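sequence unavailable; structure follows:
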Ligand code: ATP
Ligand code: MG
Ligand code: MG
Ligand code: MG
């Protein structure tokens, strides 16, 4: 490919709103352009890497007999209502109506659609197990799209789903995919770890995430230095705190309401109703949400009134602590930076409500589950999860039905941290890493097959729900993650398997017929040998400028052809990663590269 004709517009300056290395480098190297928040054009260079990674994924999945299909991006609400996720998915699910006023959404994932396909096509145990996958564009209306392709709203995912006759076979299928993922990420040539993870909103019974290790990773990983145990910090087993010392599970009682003194909105009624139903009061004003709770300690007849408050400004509202304080009546409100993901920009606040007998309490927002946890900081070292509020349909706030409200056993719930003794082996200590979640495997069980009636007829002629697994890989995020792990001050340092081109051939003197002729010959020779070559044949550019671009683009090998070298009968071959340069006779170059 001739660079003079290629759509590769490099930038010297770091784009203003690019906040991680991969995003900066992908924008500067002309791989991607931002079209809207979290929505990017994949320009030719990016698409080459994407396609190469997809190819690796396809090859490895083929080894396990997985079949590729392609499902629609636009999905009818009915399927999501059947699985009940229409109600639980929240705003990440982009919903819209067609001209007939029917509800649709853009697929953030495809459990419903695949389950529908299988229930309409597979009847007998003889057809199982079956593993189906697609490589497809997903849309998730992420609360804070950021970091370029790492957290986009539109992105490419490989999503696979397996269907089995029983639990044992679903387990086998799970580990088969686990091993396929290990092969896939090994082939990429990046440092990665499979980690035990929290099954979260998908509701799987067990699950692993695959993380590319990188300092910029959004996830914390803890790994025992003595045994195999590696886990997402959200889920890592913490050392047990003796429940006798800290109190056993205790009920959380609804506190009485305080009238917000602000005009109630229509949704407020619904929110209140549900909140009461779950035994938790909840206030809502047009701009501020908060909740209160009383905690009843075992052995105490009266609640000790540890009351906490979360005041959360919604969406586009100004971050104004004074307004929040006035509305909520709480003192010492602290900005809650870790609530940003939960409540959206700008942020939330937390603080105790000043009342007699109040002990220090605070709220902790978990961006992943979109839950607000009540955290009692008066109990030394222990974090108790005692209640949750979650965004739900029909009203702005509801409660997470998965949680066993309002009981909690706080002693088990301190997050693990680096240096903790590993409870699995009892010998090692946790080491901390940062990771980028590039893939996840779930054992789903019968959650979707039961709610959507995806059944098969077994050997005895009896109808049974299929047991399912699902398996995702963020294709575009993985490409970005490769860069997060492989770059230097000058640009990207591509791992060979997903480099857009493997060789950057620089013609340093396009005015010279000899140089041009040699470069043309090398391009043809390298391509004939199976290499992908970008030939920088651009005229009117200094060698220095070409070197800079080549460093930025970061293909693994660079071949430099110039008049000076040719006088000595050589071209130069440079390794992008080691920066090692070898002088080679043009005729010997192809053999040298192989
Ligand atoms: P995260 O925790 O980062 O939000 P997730 O757990 O919601 O990711 P999954 O539902 O497990 O994501 O989807 C499978 C894969 O899709 C993820 O492992 C990740 O690589 C990718 N992915 C998820 N969300 C995004 C996104 N917003 N942008 C790019 N890739 C994504
Ligand atoms: Mg997510
Ligand atoms: Mg995740
Ligand atoms: Mg995940």
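Perfect, I can see it now. Since we're looking at a predicted model, the values are computed, not measured. Ligands and ions are numbered 1, 2, ... in the order given.

once you drop chain neighbours, what's closest to the residue of the stretch 101-250 of the chain found nearest ligand 1?
Per C-beta to the nearest ligand atom, the residue of the stretch 101-250 of the chain with the smallest distance to ligand 1 is residue 155, at 3.6 Å. Just so you know, the C-beta spots here come from the backbone N, C-alpha and C atoms, and that holds for glycine as well. Distance criterion C-beta to C-beta, 6 or more residues apart in numbering; nearest residue to residue 155, sequence neighbours excluded, is residue 476 at 4.7 Å.

and the one you found, what is it in contact with?
Residue 476 sits next to 42, 50, 149, 152, 155-156 when contact means C-beta atoms under 8 Å, 6 or more residues apart in numbering.

where does it fall, secondary structure wise?
helix 475-485 (DSSP states H and E).

re the thing from before, and the gap between the residue nearest to residue 155 and ligand 1?
Relative to ligand 1, residue 476 is positioned 6 Å away (C-beta to the nearest ligand atom, to the nearest Å).

ranges for the helices of the stretch 101-250 of the chain?
Using DSSP state H, counting those that start in this stretch, the helices assigned to the stretch 101-250 of the chain run over residues 111-121, 167-188, 243-246.

closest to residue 99 out of these?
In terms of C-beta to C-beta, the element of the helices of the stretch 101-250 of the chain nearest to residue 99 is helix 111-121, at 21.9 Å.

what about that closest one, near ligand 1?
No: figure legend: helix 111-121 not in contact with ligand 1 (C-beta under 6 Å from any ligand atom); closest approach 10.2 Å.

packing partners for that helix?
In this structure, helix 111-121 makes packing contacts with helix 77-82, strand 130-139, strand 154-164, helix 447-451, strand 467-474, judged by 3 or more C-beta pairs under 8 Å, 6 or more residues apart in numbering; DSSP states H and E.

between helix 167-188 and the longest one, find me the angle.
Going back to what we said before, that points to strand 154-164. 140 degrees (axes from the mean of the first three to the mean of the last three C-alpha atoms, to 10 degrees).

what is the mean pLDDT for strand 154-164?
For strand 154-164, the mean pLDDT works out to 98.

who's in contact with whichever residue of the stretch 401-550 of the chain sits closest to ligand 1?
Closest approach between the stretch 401-550 of the chain and ligand 1, counting by C-beta to the nearest ligand atom: residue 474, at 2.2 Å. Contacts of residue 474 were listed using C-beta under 8 Å, 6+ apart, and they are 155-157, 437-439.

quick one: pLDDT of it?
Reading off the model, residue 474 has pLDDT 98.

what of residue 347?
Per the predicted model, pLDDT is 40 at residue 347.

the lengthiest strand in the chain vs ligand 1: in contact?
When the chain is parsed with DSSP state E, its longest strand is strand 430-445. Yes: for strand 430-445 and ligand 1, the contact criterion (C-beta under 6 Å from any ligand atom) is met by 437-440.

that strand to helix 167-188, inter-axis angle?
Calculated by the same axes, to 10 degrees, strand 430-445 forms an angle of 130 degrees with helix 167-188.
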